[in-house]
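In: Any chance you can model this:
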Amino acid sequence: MKDQILLDEAQVARQIGMSVAFLRRGRQQGIVGSRTPAPPHLKIGRAVRYLRADIDAWLIERRIDPVARFEAAISPAQPYPRRRRTTSAA
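Out: The predicted structure is shown next:
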């Protein structure tokens with residue numbers, strides 16, 4: 001872990017644009033329903049620290065590409081199968 005940059009929760013909150021309370025709640029409660037999970041953290045004694053690389057990876061995981069979402073919305077993955085017409089022999 002040499003040359004790893006450690007950040008405190010105030011620095012991380014500023015970097016990700018969320019509150020310190022979000023980080024604390026995420027550490028205490030973990031993943032709850034569909035809420036955004038908090039980034040991974042380190043516990044060093046009573047101090048909580050975050051690796052900058054973990055924060056960067058956490059942000060990249062949450063990146064939404066609007067072009068990809070648009071393309072996925074307009075092009076169906078698989079076309080609907082056509083039904084065969086059955087002729088009744090009467």
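
In: So what's the predicted local confidence for residue 49?
Out: What the model reports as pLDDT for residue 49 is 97.

In: pLDDT below threshold where in this structure?
Out: 1-2, 75-90 (pLDDT under 70).

In: Listing partners with orientation, what would you give for the longest strand along it?
Out: Ordering each strand of the chain by length in residues (DSSP state E) puts strand 47-51 first. With DSSP bridges as the test, strand 47-51 is paired with strand 6-7 (antiparallel), strand 42-44 (antiparallel).

In: Residues touching the longest one, excluding its own?
Out: What that stands for is strand 42-44. By CB atoms under 8 Å, 6 or more residues apart in numbering, the residues outside strand 42-44 that reach it are 6, 48, 49, 50, 51. C-betas here are computed from N, CA, C, even on glycine.

In: again, only this time at 10 Å
Out: Strand 42-44 is contacted by residues 1, 4, 6, 27, 48, 49, 50, 51, 54 when judged by CB atoms under 10 Å, 6 or more residues apart in numbering.

In: how near is the fourth one to residue 34?
Out: The one in question is residue 27. According to CB to CB, to the nearest Å, residue 27 stands 18 Å off from residue 34.

In: Check the contact between residue 25 and residue 13; I expect there is one.
Out: No - Residue 25 is beyond contact range of residue 13, at 11.9 Å (criterion: CB atoms under 10 Å).

In: So between these two, which is more surrounded?
Out: Using other CB atoms under 10 Å as the criterion, residue 25 and residue 13 rank with residue 13 on top: 18 against 14.

In: Can you name the residues that contact the more buried one?
Out: Contact analysis of residue 13 by CB under 10 Å, 6+ apart lists 7, 19, 20, 21, 22, 23, 24, 50.

In: so what's the first one closest to, chain neighbours aside?
Out: Taking CB to CB, 6 or more residues apart in numbering as the measure, residue 7 lies nearest to residue 50, with 4.8 Å between them; neighbours along the chain are not counted.
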